[in-house]
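Asks: here's a sequence, model it:
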Amino acid sequence: MLQHANHIRARITELSRKSYWEQFEESPEFVVLFLPGESFFSSALEVSPMLIEEGVSEKVILATPTTLIALLKAVSYGWKQAALTENATQISQLGKDLYKRLLDMRGHFEKLGSQLSSSVDSYNKTMASYETRVLVSARRFKELKSIDGNDEMELLEPIEKTTRALSIEAPKE
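Replies: Alright, predicted model coming up:
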């Protein structure tokens, strides 16, 4: 039995030196030493009860048919949790990026609104100048009968529309 335990110990050391976990990017940092029967495991532990701890310190997990399934399920669950965590991290980063872009876009809307307001002001000032300065002189031509036809110089409508203010607050229900 002691020879059996020493053989398992030697196999633990041999597997540990191979560092399989370093060869793969997405890998648990341990290797599994499968013992094909519960009796092989228990008899080795009877003469060398520290085998489990020695294996763990060497990054080698001892497994039997009974414990292998549980170990594989635990590793699978860990990988799923790691994938969920990575996904949540990416969603969080995407949310931060989107929020920053929305803030940038808000700045663009403010600038555009200001420019539209300025354009409307310029249009209305030009209209006022047209009505008070240009049309007055143009109507005099008609009074002096120096133009032919019945074409009237009609007034243009001023633009009175305003842009919608951007509200940061959520709509009230």
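Asks: tell me the contacts of residue 92?
Replies: For residue 92, the contact set (Cβ atoms under 8 Å, 6 or more residues apart in numbering) is empty. All C-beta atoms are positioned from the backbone trio N, CA, C, and that covers glycine.
Asks: all helices for this protein, in order.
Replies: Listed in chain order, the helices of the chain (DSSP state H) span 2-18, 38-47, 51-57, 65-129, 135-143.
Asks: with mean pLDDT as extra columns, can I get those in a markdown table?
Replies: Below are the helices of the chain laid out as a markdown table (pLDDT from 0 to 100):
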| stretch | mean pLDDT |
| --- | --- |
| helix 2-18 | 93 |
| helix 38-47 | 91 |
| helix 51-57 | 94 |
| helix 65-129 | 91 |
| helix 135-143 | 80 |
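Asks: so which of those helices gets nearest residue 159?
Replies: Nearest to residue 159, of all the helices of the chain, is helix 65-129, at 5.1 Å by Cβ to Cβ.
Asks: quick one, the closest one and helix 38-47 angle?
Replies: 100 degrees (axes from the mean of the first three to the mean of the last three Cα atoms, to 10 degrees).
Asks: tell me the angle helix 65-129 makes with helix 135-143.
Replies: 50 degrees.
Asks: starting at the chain centroid, how far to helix 65-129?
Replies: Per Cα atoms, centre = their mean, to the nearest Å, the displacement of helix 65-129 from the mean C-alpha position of its chain is 7 Å.
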